[in-house]
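Colleague: Mind looking at a prediction? Sequence and model below.
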Amino acid sequence: MSHLDDLDEYEAELELGLKKEYQAVFGLFRYCVLTQDATYLCNKLERTYVPQANYPFFHLKLEDVWVWDKNRPTRIIPRTEIYTAGDVTIEELRGEGDEPVLTAEALAKRIGEGRSEIEDL
């Protein structure tokens, strides 16, 4: 097996782990924010539209955030701000006041099971 095959296998394992983590945490968040550069899950979202002469400009403030990025050591961060003139899609996953469909204990169990499945591969 060549080093390129090893690297491809490593990348595939990271991607699979990320997809399983996304499925596990999805139910904890209120919003899904898609930009050209990244996908975010968050519970608090402030959006500002700033009209420009030639293009729209968006400023997003997210709190309690999970970031889709397999290369980050931790994907959960307290807050982030996004400035973009590109496309932004915002999906509301549950209404205000609705409880998350997943508890922290259930999440810990799901993530633990997902890691053991990955280790078995």
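Modeller: Yep, it's here.
Colleague: Would you quantify the distance from Y40 to P73?
Modeller: Using C-beta to C-beta, to the nearest Å, we find Y40 at a distance of 17 Å from P73. (Each C-beta comes from the backbone N, C-alpha and C, glycine too.)
Colleague: who's more crowded, those two?
Modeller: In this view Y40 and P73 are compared by other C-beta atoms under 10 Å, and Y40 has more residues nearby, 23 against 5.
Colleague: Each with direction, which strands does the helix or strand harbouring that one pair with?
Modeller: Taking DSSP states H and E as the criterion, Y40 maps to strand 39-51. Strand pairing for strand 39-51, determined by DSSP bridges: strand 31-35 (antiparallel), strand 56-67 (antiparallel).
Colleague: Pairing-wise in the sheet, spell out the partners of E91.
Modeller: With DSSP bridges as the rule, E91 is bridged to C32.
Colleague: Is it in contact with C32, as I believe?
Modeller: Yes - with contacts defined as C-beta atoms under 8 Å, E91 counts as touching C32 at a distance of 4.3 Å.
Colleague: rewinding a little: between the strands paired with strand 39-51, which gets nearest to E11?
Modeller: strand 56-67 (18.0 Å; C-beta to C-beta).
Colleague: In the closest one, which residues are buried?
Modeller: Across strand 56-67, burial judged by 16 or more other C-beta atoms under 10 Å covers 58, 60, 62, 64-67.
Colleague: Can you tell me which helix or strand of the chain has the lowest average pLDDT?
Modeller: Here the helix or strand of the chain ranked lowest by mean pLDDT, DSSP states H and E is helix 104-120, holding a mean of 58.
Colleague: With that, I have no additional questions.
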